[in-house]
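J.: Test case, fold it:
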Amino acid sequence: MTTVIFIHGTGVRPPHAATLHARVTASFAEAAPGVRVVPLDWGERYGARLAAGGASIPYEGAGATERDAEGDEGDDGTAAWERLYRDPEAELALAAAGVPSGEIPPGAAFADEEFRERLAELAARGEAAAPELGPGLGARAAALARSPLLAPAAEAVDPEALATLLARALVAAVIGAALAEDAPVIPDGAARDAAVERVAQELGGAAPGTSRGPVGRLVARPVLRLGSRYAVRRRAALTGAAHPAAGDVLTFLVRGGPLRAALREAVAAVEPPVVLLGHSLGGIIALDTLIEAPLPGVRLLVTVGSQGPFLYETGALPHLEHPRPLPAHVPAWLNIHDRRDLLGFAAAPLFPGRAEDIATDNRQPFPAAHSAYWTDPAVYRAIAERLP
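T.: Presented below is the predicted three-dimensional model:
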């Protein structure tokens, strides 16, 4: 039986580590039945922490300047989804801004009443309507039913379009909340779009496959900008939220010996053949440990969304300086990176004949693309095809 030792990435701490491990284990059960997945949950013991409670963070002072950057629009709506994760009701606001000027005839039902009832029904069902999104759909539906934007938006767009707008707002709110909480598993673009179609249908929208089109163009321009002044004002909160991820990388690069030793112990404790599967910093940990000395029983290295190749090229990989080649004892290496993941790098150009690259597309904007690998079936298929 092949054993896959899964090494999570930066910033993962309980209870998210258990959620991520459960997701990876369940997906391997489908893609490669019989494979045993063993987690190396290193974050709590070996990860970074602010030992002095954040004393190094400067006081939020004045003097910041506003510079808002606008990104390119993706041909599949990726940029629009990036804005929706920040402001889930952005499309509703744009629709409401185009409300026609006219009076409702006496006795006529308000256009938004039926949608408020459907949202209330969806709230009662909760996460069952789209379980792949994780928790929060029911509460978001209940909140959206009370939104003041619903009435003017219902007057401005046709019912099918409004159903899709509401579905997109709900899905964006759930995923946006998951991103804000640094959830380690984010639905990929296909799962996200399927959830939108199902929720839209429950709200009176069109049949699956027709939820894209003009609605997506409602967010053709930026609807929310996060300037540097906002970041400076909230520096303490932002640093406190981000430090586990950035600190984990620095901690491993400077004092990675105990974590490499823990990985060696984990490999020695399981039956071969062994596959090391590392995400982000987890891939760096696996690669650097293998370079340092042979790991008997390890037949395959899989890095996913990892910065190992970049560290090697820049001279920052602890045990291999560019342009030295990979040691002969390093096993076959599969490197998976998503085209929109800015933290995923290619290995094959640096290690020709020793590393194999596979570029995927989970159709999520960055940074969601960095966490969406674990709901992408293509990732598991690629690994399953190469298991020893």
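J.: going forward, measure contacts and count neighbours with C-alpha atoms only.
T.: Will do.
J.: Which parts of the protein are strands?
T.: Taking DSSP state E as the test, the strands found in the chain are 3-7, 36-40, 274-279, 298-304, 332-338, 355-360.
J.: Distance from the second one to the middle of the chain?
T.: Yep, that's strand 36-40 we're talking about. Here strand 36-40 shows a centroid-to-chain-centroid distance of 21 Å under the convention C-alpha atoms, centre = their mean, to the nearest Å.
J.: Next: the fourth one.
T.: For strand 298-304, the distance between its averaged C-alpha position and the chain's averaged C-alpha position is 22 Å (C-alpha atoms, centre = their mean).
J.: Give me the average confidence score over that strand.
T.: Computed over strand 298-304, the mean pLDDT rounds to 98.
J.: Determine the set of other helices and strands touching that strand.
T.: With contacts defined as 3 or more C-alpha pairs under 8 Å, 6 or more residues apart in numbering; DSSP states H and E, strand 298-304 has these neighbours: strand 274-279, helix 281-292, strand 332-338.
J.: Quick check: which ranges of the stretch 151-300 of the chain have low pLDDT?
T.: Applying pLDDT under 70 to the stretch 151-300 of the chain flags the ranges 206-244.
J.: mind listing the helices for it?
T.: Per DSSP state H, counting those that start in this stretch, the stretch 151-300 of the chain carries helices over the ranges 159-180, 189-202, 228-233, 235-255, 257-268, 281-292.
J.: and the gap between Ala167 and Thr375?
T.: Ala167 sits 20 Å away from Thr375, going by C-alpha to C-alpha, to the nearest Å.
J.: To clarify, my last question referred to Arg324.
T.: 35 Å.
J.: okay, those two: which has more neighbours?
T.: Under the neighbour definition other C-alpha atoms under 10 Å, Arg324 and Thr375 were set side by side, and Thr375 has more, 21 against 9.
J.: what's that one in contact with, if anything?
T.: Neighbouring residues of Thr375 by C-alpha atoms under 8 Å, 6 or more residues apart in numbering: Arg23, Ser27, Val185, Ile186, Pro187, Asp188.
J.: what's the answer for Leu287, then?
T.: Leu287 neighbours (C-alpha under 8 Å, 6+ apart): Leu301, Gly308.
J.: From Val298, how far off is it?
T.: To Val298, Leu287 is 12 Å away according to C-alpha to C-alpha.
J.: Let's see the pLDDT reported for the closest residue to Gly247 other than its chain neighbours.
T.: Computed as C-alpha to C-alpha, 6 or more residues apart in numbering, the closest residue to Gly247 that is not its neighbour in sequence is Ala48, at 5.1 Å. Ala48 carries a pLDDT value of 90.
J.: With distance to Ala18 added, can I get the helices and strands packed on strand 298-304 in CSV?
T.: Formatted as CSV, those follow (distance: least, C-alpha to C-alpha, whole Å):
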stretch, distance to Ala18
strand 274-279, 15
helix 281-292, 15
strand 332-338, 23
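J.: Between those, which one is closest to Leu263.
T.: Leu263 sits nearest to helix 281-292 of all the helices and strands packed on strand 298-304, at 7.8 Å, using C-alpha to C-alpha.
J.: Now find how far off-centre that closest one is within its chain.
T.: 22 Å.
J.: separation between Leu250 and Ala316?
T.: Separation of Leu250 from Ala316 (C-alpha to C-alpha) stands at 11 Å.
J.: any shared contact partners between these two?
T.: With C-alpha under 8 Å, 6+ apart, Leu250 and Ala316 have no common neighbours.
J.: was I right about His21 contacting Pro39?
T.: Yes - between His21 and Pro39 there is a contact at 6.6 Å, judged by C-alpha atoms under 8 Å.
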